[in-house]
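A.B. asks: here is the input, now give the coordinates:
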Amino acid sequence: MSVLTGLSRAGPSNSLSQNVARFRVISQPSHLYGTRRYASGGRVTDNQSGRKSFRVERDAQGAIIQKKKEKNLGAFRPMPAAQLTHPLFESENRDTLQLPTFHPASVANMVGKAVEFPLGESDPVRIFGLPKKMLLEFRILSKPCSVVRDVTVSAIQVLENAKANPGSDTRVVLTGRSGSGKSFLLLQAVEYSIANDWIVVYVPRAVNLVNSTTPYTYDLRTQTYLQPAFAYQTLQRLLTVNSRTLAGLHTSRKLVFEKREVPIGTSLVDLIGIALKDQPSSPVILDALMTELSQQTKYPVLLAVDDFQALYSRTAYRDPHFSTIRPYHLSMPRLLLDFASGKRKFARGAVLGAVTYSDPNYPLSLELREALELPHDHPPSPYDKRSRTIAEYAKGLQALRVPEQLSIEEASALYEVWMTDKALVPTAHDEVFLSKYAESSGNPREFVWKGLLSTLET
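C.D. replies: You can find the predicted model right below:
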């Protein structure tokens, strides 16, 4: 007997509508109720089972839209300064470092001691900038400072010998273990040169020349990619740092550009001023300025480049066919590589670079390792691909190795700086110094960041 037959035999008291509703209830399975309620979007309670189903919102493609979790954050109001009476909050009572000033005449007598850099309005630290790690340390300390090491005296001796010789004779690259203090040594050389009336061109982050962070345009005349923004910034900073020395130098020949001519005898300050008014012409004027600096003999010139290995690595720039642009096809790296390789040289001066091992995107190239006679990461093979052009740019470079460890005297001077500047939380004892020195194996960066500054996390 069918269900419909049973319904038709019901008594006359039941109306047809009641029979149809009863038929619908009986003929539809109960498990569809929950499914339909779940898909309908409302939070409904199933009267038969007591189960609850939740609303699900879907987009036009039918995908479920995830709801954002609401975070109930209480209102934060800082405590009034009058109630911060604990000595920990008295930041204004921080002692100012009292250190001797870094001076060229007394460097040899200051080995193993901490010195501060004289930050004037046109100091290279302010104008050219600093490597990232060094900048973070100087922001923590109340004054920018460093420790004079034995290798500092060696680097200064290299500059003294290069003062009266062509720049092609002194092309030195600072090498050593990661964190050994190559960037600090390069900065000390820059400060020494500025104090001795050198013309300084300092590039603290050469990786920015090849990591595709600056705009570039193709120049059909030179068949290279120009970087006008970076050339413009370099001219600005070079003028600010060396304004006094550049004011006494003039062009030795007539310069012809696309839009104008620069007569012979024009001040180099005025030559830079042309580029500052017309940014697209900055790469050409920077090249002409470096040519004038390389020919003059009144002042020695120092070209200092940090992240030096990035100039010999693959760049992140791409041409219209999305092929990698070689570093020597970019105007700024090409300019630096010409002086580093000796193809262009200063009449008096030096080229000083510092390599970085901590950047996996721009490691030391095989050609640069072989030119500097550095150990390889893996056994070399004759099947390893080498670029003849890069090898030519690396030929003749000399390595100056920076010691991997600080001496006890140098480490104690560095420890005194951070202790006096109240950068250490625990009480300073000899045991703390010896333990941090042993933990870092005397490595300068690890002694500060993983040794002394790690006390802030404990």
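A.B. asks: going forward, measure contacts between C-alpha atoms and count neighbours the same way
C.D. replies: Will do.
A.B. asks: which residues of the protein score low on pLDDT?
C.D. replies: In the predicted model of the chain, residues 1-54, 68-79, 81, 84, 87-95, 423-428, 455-458 satisfy pLDDT under 70.
A.B. asks: so which residue is dead centre in it?
C.D. replies: In the chain, the residue lying closest to the centroid (Cα atoms, centre = their mean) is Lys132, at 5.0 Å.
A.B. asks: phi first, then psi, for it.
C.D. replies: For Lys132, the backbone dihedrals (degrees, to the nearest 10) come out as phi -60, psi -50.
A.B. asks: from Gly181, how far out is it?
C.D. replies: For Lys132, the distance to Gly181 (Cα to Cα, to the nearest Å) stands at 13 Å.
A.B. asks: over to Pro118?
C.D. replies: As judged by Cα to Cα, Pro118 and Gly181 stand 20 Å apart.
A.B. asks: residue contacts, Thr245?
C.D. replies: Taking Cα atoms under 8 Å, 6 or more residues apart in numbering, we find Thr245 in contact with 197, 199, 299.
A.B. asks: can you give me how far the host helix or strand of Ser412 is from the chain middle?
C.D. replies: Per DSSP states H and E: Ser412 is located in helix 408-420. Put simply, helix 408-420 sits 27 Å off its chain's centre (Cα atoms, centre = their mean, to the nearest Å).
A.B. asks: same question for stretch 142-149.
C.D. replies: On the basis of Cα atoms, centre = their mean, stretch 142-149 sits 21 Å off its chain's mean C-alpha point.
A.B. asks: send the alpha carbons of that stretch over as CSV?
C.D. replies: Extracted in CSV, the C-alpha atoms of stretch 142-149 (Å, rounded to 0.1, in the frame of the first residue of the first chain):
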residue,chain,number,x,y,z
SER,A,142,74.8,57.5,21.4
LYS,A,143,77.8,58.3,19.1
PRO,A,144,79.2,56.6,16.0
CYS,A,145,82.5,55.0,17.0
SER,A,146,84.9,52.1,16.2
VAL,A,147,88.0,50.4,17.6
VAL,A,148,91.3,51.1,16.0
ARG,A,149,93.0,47.7,15.2
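A.B. asks: how about that stretch, which residues are buried there?
C.D. replies: Within stretch 142-149, the residues scored as buried using 16 or more other Cα atoms under 10 Å are 142-149.
A.B. asks: swap in stretch 119-131?
C.D. replies: Residues of stretch 119-131 classed as buried: 122-125, 127-131 (neighbour count, 16+ other Cα under 10 Å).
A.B. asks: that stretch: end-to-end distance?
C.D. replies: 17 Å.
A.B. asks: need the contact partners of it.
C.D. replies: By Cα under 8 Å, 6+ apart, stretch 119-131 touches 183, 190-191, 202-205, 237, 240-241, 306.
A.B. asks: give me the subset of those that lies in strands.
C.D. replies: 202-203, 306 (DSSP state E).
A.B. asks: same list (the residues you listed) but as TSV, adding distance to Leu372 and neighbour count.
C.D. replies: Output for the ones in strands among the contacts of stretch 119-131, formatted as TSV (distance: Cα to Cα, whole Å; neighbours: other Cα atoms under 10 Å):
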residue	distance to Leu372	neighbour count
Tyr202	22	27
Val203	21	22
Asp306	16	25
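A.B. asks: could I get these as JSON lines with distance to Ala340?
C.D. replies: Listed next are the ones in strands among the contacts of stretch 119-131 as JSON lines, based on distance: Cα to Cα, whole Å:
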{"residue": "Tyr202", "distance to Ala340": "14"}
{"residue": "Val203", "distance to Ala340": "13"}
{"residue": "Asp306", "distance to Ala340": "13"}
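A.B. asks: just name the closest of those to Arg221, please.
C.D. replies: Nearest to Arg221 among the ones in strands among the contacts of stretch 119-131 is Val203, at 26.4 Å by Cα to Cα.
A.B. asks: quick check: that closest one vs Ser454, distance?
C.D. replies: Using Cα to Cα, Val203 is found at 30 Å from Ser454.
A.B. asks: of the contacts of stretch 119-131 - the most surrounded one?
C.D. replies: Of all the contacts of stretch 119-131, Tyr202 has the most neighbours under the rule other Cα atoms under 10 Å, reaching 27 neighbours.
A.B. asks: hang on, isn't that one packed against Ala304?
C.D. replies: Yes - between Tyr202 and Ala304 there is a contact under Cα atoms under 8 Å: 4.8 Å.
A.B. asks: now do the shared contacts for the two.
C.D. replies: Val190.
A.B. asks: which SSE is immediately downstream of the helix or strand Val125 falls within?
C.D. replies: In this assignment (DSSP H and E), Val125 forms part of helix 124-127. Using DSSP H and E, the helix or strand that directly follows helix 124-127 along the chain is helix 132-140.
A.B. asks: next SSE downstream of that following helix?
C.D. replies: Helices and strands here follow DSSP H and E; after helix 132-140, the next one along the chain is strand 145-147.
A.B. asks: elements contacting that following strand?
C.D. replies: strand 114-116, helix 408-420 (3 or more Cα pairs under 8 Å, 6 or more residues apart in numbering; DSSP states H and E).
A.B. asks: 6 Å instead?
C.D. replies: Packing partners of strand 145-147 (3 or more Cα pairs under 6 Å, 6 or more residues apart in numbering; DSSP states H and E): strand 114-116.
A.B. asks: so which bits of the strand it packs on are buried?
C.D. replies: Within strand 114-116, the residues scored as buried using 16+ other Cα under 10 Å are 114-116.
A.B. asks: can you add distance to Leu330 and give those back as CSV?
C.D. replies: Formatted as CSV, the buried residues of strand 114-116 follow (distance: Cα to Cα, whole Å):
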residue, distance to Leu330
Ala114, 40
Val115, 38
Glu116, 37
